[in-house]
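> Next comes the sequence, and after it the predicted model I'd like to discuss.
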Amino acid sequence: MITFISYAFIGIGMFFWFWGTWHLVSNRSVLFKLHGLSVADTLGSMLIIVGLLMKIPHQWPLLILGIISLAIWNTMLGYVIAYCSTEEAKNE
């Protein structure tokens, strides 16, 4: 049962990866595309790590560190991109 749930998490994570990439071909702004991609990629990566955590629970410290790193890195990257796209940043 754990194996099935683990593969389900990994499969759903891969679905989010492809779903986020699909937004890149839309006619919206670049920032909207990047936001959709980064959210879907982060969620997909976290779900894949949760699936791996179920498969190899003895590696939980590294996998939890991976989840935390993904959350912090992608949040900070989103703030940097948002700041760089403002008029205030362009005038410096």
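Structure received. Computed from a predicted structure; not experimentally measured.
> how about residue 56, phi and psi?
Main-chain torsions, residue 56, degrees, to the nearest 10: phi -130, psi 70.
> What residues sit buried inside stretch 29-38?
Judged by neighbour count using 16 or more other CB atoms under 10 Å, the buried positions of stretch 29-38 are 33-38. Just so you know, the C-beta spots here come from the backbone N, C-alpha and C atoms, and that holds for glycine as well.
> Tabulate the residues you listed in TSV, adding columns for pLDDT, secondary structure and distance to residue 63.
TSV is the format used below for the buried residues of stretch 29-38 (pLDDT from 0 to 100; DSSP: H, G, I helix; E, B strand; the rest coil; distance: CB to CB, whole Å):
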residue	pLDDT	secondary structure	distance to residue 63
33	81	helix	29
34	81	helix	26
35	80	helix	26
36	83	helix	26
37	84	helix	23
38	84	helix	21
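> Pick the one among these closest to residue 23.
Minimum distance to residue 23 across the buried residues of stretch 29-38 is 4.0 Å, recorded for residue 36 (CB to CB).
> For the closest one, give its distance to residue 7.
Applying CB to CB, to the nearest Å, the value for residue 36 to residue 7 is 26 Å.
> before we move on, what about residue 80?
Distance from residue 80 to residue 7, by CB to CB: 35 Å.
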